[in-house]
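*Asks:* the sequence and its predicted three-dimensional model are supplied below.
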Amino acid sequence: MRTLTKSNAHFKKAAKKLPLGVSSNFRYWGDDETIYIDHAKGARIWDIDGNEYVDYRLGYGPAILGYQDKRVDDAAIEGMKVGGVFALGTKRELTVAERISKMVPAAELVRFSNSGTEAVMAALRLARAFTGKDSYVVIEGGYHGLFDAVLWQTEIEEWDGGPEDPPLRSYGGGVPQMLKKLIHSVPLNDANRLEETLKKHHSNIGALLIEPIMGNCCSLTADKKYLHDVRSLCDKYGVVMIIDEVKTGFRVARGGVQELFNVKADLCTFAKAIGNGYPISVLAGRADIMGNIGDGVAHGGTYTAHSVSLAAAEKTLEILDETDALANIAQYGTRLQAGLSEILNQKGVPHSFTGHPSMGGMFFSEEPPTNYRDWIRTDYTIYDTMAPHLHDRGLLVEPDSREPWFICEAHDDACLATTLEAFEEGFKITLDHLARSNGTTKGVKS
Ligand SMILES: Cc1ncc(COP(=O)(O)O)c(C=O)c1O
């Protein structure tokens with residue numbers, strides 16, 4: 001059985017120097033559950049106690065080819081020899097930008113940043129500058145990074161299901177409450193509701209931010225017709241449609257979610273998969289909007305287009321564009337879901353998957369929810385109970401069911417076999433656990 005003796009001891013020391021003992025709040029899983037990583041290779045990750053896991057978190061998505069991919073790391077080493085950053089441009093920026101435009105037709109012009117947060121922040125600024133309107137629409141349950149304008153969440157657990165909208169609250173302290181006035185939060189897959197909002201407020205609304213496969217909300221997925229309605233409504237009401245592809249970009253298809261849904265954003269943002277883990281992000285979009293950068297809209301930063309990340313991105317994109325990597329990733333995801341289904345069906349447990357096989361969400365209900373309001377009606381206690389049992393058996397999944405399972409090119413047959421065996425055992429223990437604690441396993445036969 002897994003022990004976390006070293007992680008627990010390290011946590012006690014780390015918490016004296018680093019708030020919560022980590023460098024991102026999401027990495028704190030509890031005083032006794034926080035894991036510290038020793039190293040990762042391929043699709044596997046080892047913690048400092050020597051526990052080995054098949055990793056389905058992949059750092060929230062970046063390691064699309066797997067950890068320590070030699071092709072990318074060799075390119076990054078070449079990038080190191082370029083020298084870092086110079087507060088000047090390099091030729092490779094154009095090469096990578098051209099590849100992005102080839103893969104994503106909406107990306108007429110391209111700018112690099114370091115993180116998804118920075119790219120989305122710049123997109124919102126640009127949309128406001130272009131339209132002259134400061135308010136914006138977000139989708140309930142969405143996450144777009146760690147800047148004040150988007151650090152607002154729909155408190156679905158506090159909602160009584162009545163006609164009033166669920167409350168919108170800032171993620172913790174320090175977010176100016178006055179910003180709330182600028183946000184309109186609407187449920188996914190409800191075009192009528194969006195139109196009502198735009199009809200009433202379009203004179204102030206400059207942007208709409210959407211992640212059509214909600215990578216921070218169990219991969220809840222926009223209906224294709226809905227997404228095309230969103231596109232038309234943005235055109236009708238003079239709103240810049242920002243498709244946030246920080247998680248879906250260069251993952252769900254070469255051209256991201258825009259290719260899957262055959263829709264074109266005005267602006268789109270990418271990060272994660274683009275550099276296989278090296279920090280780089282992209283803001284891209286329509287030339288007439290992007291052209292405002294340099295014509296009064298600020299964008300830049302000391303580390304943008306760092307030579308190491310840029311070289312890694314060049315190689316990662318080449319692989320994703322020119323090999324079957326993405327098809328293989330999707331195929332593994334499909335096989336994984338089929339294997340999990342078989343186990344759950346044997347136990348008579350209703351379940352469903354959402355999103356894309358490369359980043360699938362898992363539900364213990366016959367049908368997946370269509371928006372975040374429906375999510376609250378699903379029984380996520382099974383998932384929450386199951387996750388630690390899977391960790392104990394060598395499967396690293398997010399403890400919160402709102403994070404999908406990410407697949408990389410390095411997930412192979414051996415990973416799949418390990419996963420299914422561990423899942424079967426972990427799920428059996430989960431059911432025993434729930435039965436003992438008289439859990440709310442709605443619909444579970446045994
Ligand atoms: C859709 C989306 N947008 C933006 C971000 C923020 O990206 P980063 O964590 O790189 O700042 C994330 C992070 O998970 C994301 O999933």
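*Replies:* Structure received. Values in this document were obtained by computation on a predicted structure and should not be read as measured data. Residues are numbered from 1 along each chain as shown.

*Asks:* which stretches in the stretch 301-446 of the chain count as helices?
*Replies:* Along the stretch 301-446 of the chain, counting by DSSP state H, counting those that start in this stretch, helices occupy 307-322, 325-346, 372-375, 381-392, 413-436.

*Asks:* so which of those helices gets nearest the ligand?
*Replies:* Evaluated with Cβ to the nearest ligand atom, the helices of the stretch 301-446 of the chain place helix 307-322 nearest to the ligand, the distance being 12.2 Å. Placement of C-beta: from N, CA and C, glycine included.

*Asks:* hmm, back to that, save the helices of the stretch 301-446 of the chain as a markdown table, and put in mean pLDDT and mean neighbour count too.
*Replies:* A markdown table is the format used below for the helices of the stretch 301-446 of the chain (pLDDT from 0 to 100; neighbours: other Cβ atoms under 10 Å):
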| stretch | mean pLDDT | mean neighbour count |
| --- | --- | --- |
| helix 307-322 | 98 | 22 |
| helix 325-346 | 98 | 17 |
| helix 372-375 | 91 | 21 |
| helix 381-392 | 95 | 20 |
| helix 413-436 | 96 | 17 |
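
*Asks:* make JSON lines from those and add distance to G83 to it.
*Replies:* Converted to JSON lines, the helices of the stretch 301-446 of the chain look like this (distance: least, Cβ to Cβ, whole Å):
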{"stretch": "helix 307-322", "distance to G83": "6"}
{"stretch": "helix 325-346", "distance to G83": "29"}
{"stretch": "helix 372-375", "distance to G83": "45"}
{"stretch": "helix 381-392", "distance to G83": "41"}
{"stretch": "helix 413-436", "distance to G83": "37"}
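
*Asks:* tell me which of the ones you listed lies nearest to E158.
*Replies:* Of all the helices of the stretch 301-446 of the chain, it is helix 372-375 that lies closest to E158, at 12.4 Å by Cβ to Cβ.

*Asks:* show me how far that closest one is from its chain's centre.
*Replies:* Centroid separation between helix 372-375 and its chain, computed with Cα atoms, centre = their mean, to the nearest Å, is 18 Å.

*Asks:* need the residues that contact it.
*Replies:* 139-141, 154, 156, 159, 161, 166, 187-188, 217-218, 220, 369, 402 (Cβ atoms under 8 Å, 6 or more residues apart in numbering).

*Asks:* which of those residues tops the neighbour count?
*Replies:* L220 (30 neighbours; other Cβ atoms under 10 Å).

*Asks:* does that one really touch F363, like I thought?
*Replies:* No. Using Cβ atoms under 8 Å, L220 is not in contact with F363, being 9.7 Å away.

*Asks:* overlap of the contact sets of those two?
*Replies:* 354, 369.
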